[in-house]
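*Asks:* sequence unknown, structure follows:
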């Protein structure tokens, strides 16, 4: 969700850092809920709710391992993990700047919304 929000809206959805773990990107100490559905968006502004629904619509049918493999194949995660063994439990931060630099190259923002919004 953080990636999509950064690309589509131009700012992080939450302040917690995104970490590159051996299994994929993880938000450490995230105070939110892991459930899916309306309870996930309770208390979020409309643009953040839209991001949640868009991510769920896009990836909701895929299993954890598939989504994790996708994330691990992309440059921000690979760059953050550079120099570590695949199974290393060390985590490194995936910077918001690396998300901004990588994903617009893929045309994600223009393909999905055509424009960016403000939150």
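*Replies:* Perfect, thanks for sending it. A quick note: this is a predicted structure, and the numbers were derived from the prediction, not measured.

*Asks:* find the nearest non-adjacent residue to residue 78, please.
*Replies:* Counting by C-beta to C-beta, 6 or more residues apart in numbering, residue 78 lies nearest to residue 72, which is 7.4 Å off, once chain neighbours are set aside. For every residue, glycine as well, the C-beta is placed using N, CA and C.

*Asks:* again but with residue 68, I slipped
*Replies:* Here the nearest residue to residue 68 in space, its sequence neighbours aside, is residue 24; by C-beta to C-beta, 6+ apart that works out to 3.9 Å.

*Asks:* burial measure for that neighbour, as a count.
*Replies:* For residue 24, the neighbour count with other C-beta atoms under 10 Å is 18.

*Asks:* you'd agree residue 93 is in a helix?
*Replies:* No. Residue 93 sits outside any helix when classified using DSSP: H, G, I helix; E, B strand; the rest coil, being strand.

*Asks:* run through the residues that contact it.
*Replies:* When the contact criterion is C-beta atoms under 8 Å, 6 or more residues apart in numbering, the partners of residue 93 are 17, 18, 19, 20, 80.

*Asks:* helix/strand/coil for the third one?
*Replies:* Spelled out, that is residue 19. Counting by three-state DSSP, the backbone at residue 19 sits in strand.

*Asks:* who are the contact partners of it?
*Replies:* 25, 26, 27, 28, 91, 92, 93, 94.

*Asks:* mind checking pLDDT for it?
*Replies:* pLDDT, the model's per-residue confidence, is 92 for residue 19.

*Asks:* tell me what it is bridged to.
*Replies:* For residue 19, the beta-bridge assignment (DSSP bridges) gives partners residue 26, residue 93.
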